[in-house]
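K.L.:
I'd like to go over a predicted model; first the sequence, then the structure.
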Amino acid sequence: METKKGKQPDRKEIPPYGTEITGSEALIFSLIEEGVDTIFGYPGGAIMPVYDALFDYQHHLQHILVRHEQGAAHAAESYAKILGKPGVVMVTSGPGATNLITGLANAMVDSVPIVAFSGQVPSNLLGTDAFQETDVIGITMPVTKWNYQVTSAEELPEVVAKAFYIASTGRPGPVMIDITKDAQFGKVKWNYKKCTKIRSYFPYPKVDEEKVEEAAHLINKSKKPLLIAGRGVLISNATDELMQLATKADIPVTTTLLGLSAFPSDHPLHVGMPGMHGNMAPNIKTNECDLLIAIGMRFDDRITGKLDEYAPQAKIIHIEIDQSEVDKNVKTDVALVADARDALRKLLPLVKENDHKEWIESFEKEYEHEYEHVIKPAREAKGKDIKMDEVVHLISEKTKGEAIVVTDVGQHQMVAARNYNFKRARSFVTSGGLGTMGFGLPAAVGATVARPDRTVIGFAGDGGFQMTIQELGTIGHYRLPVKMVLLNNSFLGMVRQWQDLFFEKRYSFTELVNPDFIKIAEGYGIPGQRIEKRDDLEKAIDTMLATEGPYLLEVAVMKEQNVFPMVPAGASVSDMVTK
Amino acid sequence: MEKEKVEEFTIKVYSENHIGLLNRLTIIFTRRKVNIESLTTSEYHIPGVHSFTIVINTTESMVKKIVKQAEKLVDVLKAFYYRTEDIHYQEIALYKVPTSALTGTNEIEKLVRRYNARILEVTPDYTVIEKTGHKEETQELLENLKPFGLLEFVRSGRVAITKPMKELTTHLKEKEDATHFTQAEN
Ligand SMILES: Cc1ncc(C[n+]2csc(CCOP(=O)(O)OP(=O)(O)O)c2C)c(N)n1
């Protein structure tokens, strides 16, 4: 595609087992053995031998050259969230590795499998403050599920196998492998065996059958049950089982921010999203239900609000793969510590068909209230300014709920979560636990690489967009068909909202003087347009969706729109405010 | 809500002998602002297994969380917590006093006998006394030796043997039997 002044790669094939190869080749071959087809990376001195080896195997392994290592981590995370397999990252030592930290931390809290490789100075220089040496193992320890430093070529295949096994099994998470330069140059007899077990690692606890019976009993006798589905449902591919449980026992389902798209948004049993900017019905009903069945979620404080007043009346069943999450925040009555799909499959035959008509109707009443007072006014084409909700809602309709939606962090993120009508699983990518501004654009890169066949809409605010704006370079370079929707309110909107509500409207350093985003995109060869008038909105969306390749649609939205409803920080979930 | 009481707990962690694991373990404590009172690590009698004995003062709900977090580490085989009554434990203390303090009086020798300590080494300059026991005992001896011009003192971390009879291998076998190593298809 681009002109290469240097030599062309030799198209090479992997040699048979037993052949003597370099550590760098061993790494590349190991990745191929693991079924990796894409690396998000950025080269540098300490990883050059690996890049050199990669050059000849590009026909097996595509490499996406991001514009900043943070972008590689976010792109890999998005890729992993959508495909349900580890995203792979490759960077150099020192600054290359430290630039990954935010991305690893983000993947860690959101339980996303990433396998990241960093080059490291030669092992004889370790600990000498050599050029571009940093203690990658030490620095990434708190933000990785596992990490390891490889100092000899012989170790590489086994360590890579272990890395993929650990990253992708149990509660997934990021794994960092630091490889000294001498290990990349060193020799090893090529051989590969996938890892299927580690003595000290217990990824999928077996379901306790007695507890399953207890849970079924609670479900069968419950008059007002509520299901709350988190990302664990998506991780374990349990969306069918969730659907079966909900429909068989007639239980309303609320999906967390990270659980969105695990259950179709417009299903009659779907009652919206819980939490700080969630829907009123699931929040209020959390404090009225007699049974809360939480699946693959960890009772984050953005979901529970004030803990003492979170579902005090309800029995709680927690289906969770990570033992350390059980009773961490919310005391449970029955804990099924297991993979969500495994637990649900055991539970389903014991659950009786049921009918909770009245209970479900009571959610509709809350929804109607929210619709009248919050949703409709926000979506209505009324008033001088375009509101974020109008834009998301319209895009949801135009894409028929079939797109992959990626967001950055802030008001637009909540608006996107609230207004997009998800029809398909694994269709929402957002930074949940860490709330990382700058996540959106590189995550959109990862999404289009993962699913070039699907429409990818990337919503961002004008603040977060500028945190990783350089990834426009990646999008332009590979002509990635991201449909970027920049909801520009000229503010760090979400912070401004808090200043408005809790700091007497003192807008301390939240107003932005912004560049000409369309010109910037144009500089990268990306078409786009800015619209300010509602009359232009629909046509602009049509143009964007009809454009092949990337497109930037900047919408000048109302400057001081607040996202409602809201559970103010520290309040009970049933004390939502609508203005 | 009633405030939970703070107690002394002894945590035992059994792990693979991997570089960096100690770091990962201590992060669990520091992140929760729990101070480690003492920490001892050694090889276990099962090849390749390492054991950590960690003493902390905290609430039971916190120690439970910490043990779960420790067990969650990929390289940790198993972690437990105990109250003092569930373990046999010892610490060792070494005291260095000037040898001149022993000449012309048998006071120090009396202390050594009274505290069931022993004299480890005598040189013309200094004498080293060793005492094994609980912290209160080694501390008391320390106070008693101070007037004799004590030169140096050091106390080890706690080592502990647990009272329950169940062996680590049995625990591990049970844990392994209760685990799928790849996602169950059923
Ligand atoms: C890296 C980072 N820095 C700061 C914040 C705090 N923060 C949360 S939302 C927000 C405002 C986001 O503004 P913008 O990107 O314009 O989106 P909007 O809220 O206006 O939709 C800020 C500053 C954050 N989440 N992440």
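P.N.:
In hand now; what should we look at?
K.L.:
buried residues in the one helix or strand A:Ile28 maps to?
P.N.:
Assigned by DSSP states H and E, A:Ile28 belongs to helix A:23-33. By 16 or more other C-beta atoms under 10 Å in any protein chain shown, the buried positions in helix A:23-33 come out as A:23-31, A:33. The C-beta positions use only the backbone N, C-alpha and C, and glycine is treated the same way.
K.L.:
and what of stretch A:261-271?
P.N.:
Buried, per 16+ other C-beta under 10 Å, within stretch A:261-271: A:261-265, A:269-271.
K.L.:
spatially nearest residue to residue 52, not counting backbone neighbours?
P.N.:
Chain wasn't specified; assuming chain A. A:Ser24 (6.8 Å; C-beta to C-beta, 6 or more residues apart in numbering or on different chains).
K.L.:
nope, chain B
P.N.:
B:Val13 (4.2 Å).
K.L.:
and for stretch B:66-83, what's in contact with it?
P.N.:
For stretch B:66-83, the surrounding residues in contact (C-beta atoms under 8 Å, 6 or more residues apart in numbering or on different chains) are A:145-146, A:166, A:198-201, A:322-324, B:7-16, B:18, B:21, B:24-25, B:28-29, B:32, B:34, B:49, B:56, B:58, B:63-64, B:160, B:162, B:168, B:171-172, B:175.
K.L.:
got a quick ChimeraX command for the buried subset of those residues?
P.N.:
Restricted to buried positions by 16+ other C-beta under 10 Å, the ChimeraX selection for the contacts of stretch B:66-83 reads:
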select /A:145,146,166,198,200,201,322,323,324 /B:9,10,11,12,13,14,15,16,18,21,24,25,28,29,34,49,56,58,63,64,160,168,172
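K.L.:
near the ligand, list only the ones from the contacts of stretch B:66-83.
P.N.:
When C-beta under 6 Å from any ligand atom is applied, no member of the contacts of stretch B:66-83 is adjacent to the ligand.
K.L.:
now tabulate the buried residues of stretch A:261-271 in JSON lines and tack on pLDDT.
P.N.:
Listed next are the buried residues of stretch A:261-271 as JSON lines, based on pLDDT from 0 to 100:
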{"residue": "A:Ser261", "pLDDT": "96"}
{"residue": "A:Ala262", "pLDDT": "97"}
{"residue": "A:Phe263", "pLDDT": "97"}
{"residue": "A:Pro264", "pLDDT": "97"}
{"residue": "A:Ser265", "pLDDT": "95"}
{"residue": "A:Leu269", "pLDDT": "98"}
{"residue": "A:His270", "pLDDT": "98"}
{"residue": "A:Val271", "pLDDT": "98"}
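K.L.:
in strands, which of the residues you listed appear?
P.N.:
Judged by DSSP state E, the buried residues of stretch A:261-271 include no members of strands.
K.L.:
which of these lies closest to A:His318?
P.N.:
Set against A:His318, the nearest of those by C-beta to C-beta is A:Ala262 (16.5 Å).
K.L.:
contacts only, for the residue nearest to that closest one when sequence neighbours are not counted.
P.N.:
Leaving aside its sequence neighbours, A:Ala262 sits nearest to A:Val233 (C-beta to C-beta, 6+ apart; 4.3 Å). Residues in contact with A:Val233 (C-beta under 8 Å, 6+ apart) are A:239, A:242, A:259, A:262-263, A:295-296, A:340.
K.L.:
chain B - how does it break down into domains?
P.N.:
B:7-87+B:162-172, B:88-159 (automatic domain parsing).
K.L.:
would you convert those domains into JSON lines that also reports distance to A:Phe131?
P.N.:
As requested, the domains of chain B are exported to JSON lines (distance: least, C-beta to C-beta, whole Å):
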{"stretch": "domain B:7-87+B:162-172", "distance to A:Phe131": "23"}
{"stretch": "domain B:88-159", "distance to A:Phe131": "39"}
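K.L.:
B:Asn169 and B:Ile46 touch, don't they?
P.N.:
Careful, residue B:169 is Thr and not Asn. Yes: with contact defined as C-beta atoms under 8 Å, B:Thr169 counts as touching B:Ile46 (6.9 Å).
K.L.:
when those two are compared, which one has more neighbours?
P.N.:
B:Ile46 (14 against 10; other C-beta atoms under 10 Å in any protein chain shown).
K.L.:
so that one sits against B:Glu167, correct?
P.N.:
No: the criterion here is C-beta under 8 Å, and B:Ile46 misses it with B:Glu167 at 9.4 Å.
K.L.:
pLDDT score assigned to the residue nearest to A:Ala262?
P.N.:
A:Val233 is assigned 98 on the pLDDT scale.
K.L.:
that's a strand at it, yeah?
P.N.:
No: assessed with DSSP: H, G, I helix; E, B strand; the rest coil, A:Val233 is helix; it does not lie in a strand.
K.L.:
before we move on, the earlier item: how much space separates the residue nearest to B:Phe52 from B:Leu39?
P.N.:
10 Å (C-beta to C-beta, to the nearest Å).
K.L.:
how about the residues of chain B by chain A?
P.N.:
B:1, B:15-16, B:19-20, B:23-24, B:27, B:31, B:64-65, B:68-69, B:71-72, B:74-77, B:175-184, B:186 (C-beta under 8 Å from any C-beta of the partner chain).
K.L.:
try 7 Å this time
P.N.:
Counting by C-beta under 7 Å from any C-beta of the partner chain, the positions of chain B adjacent to chain A are B:15-16, B:20, B:23-24, B:27, B:65, B:68-69, B:72, B:74-77, B:175, B:178-184, B:186.
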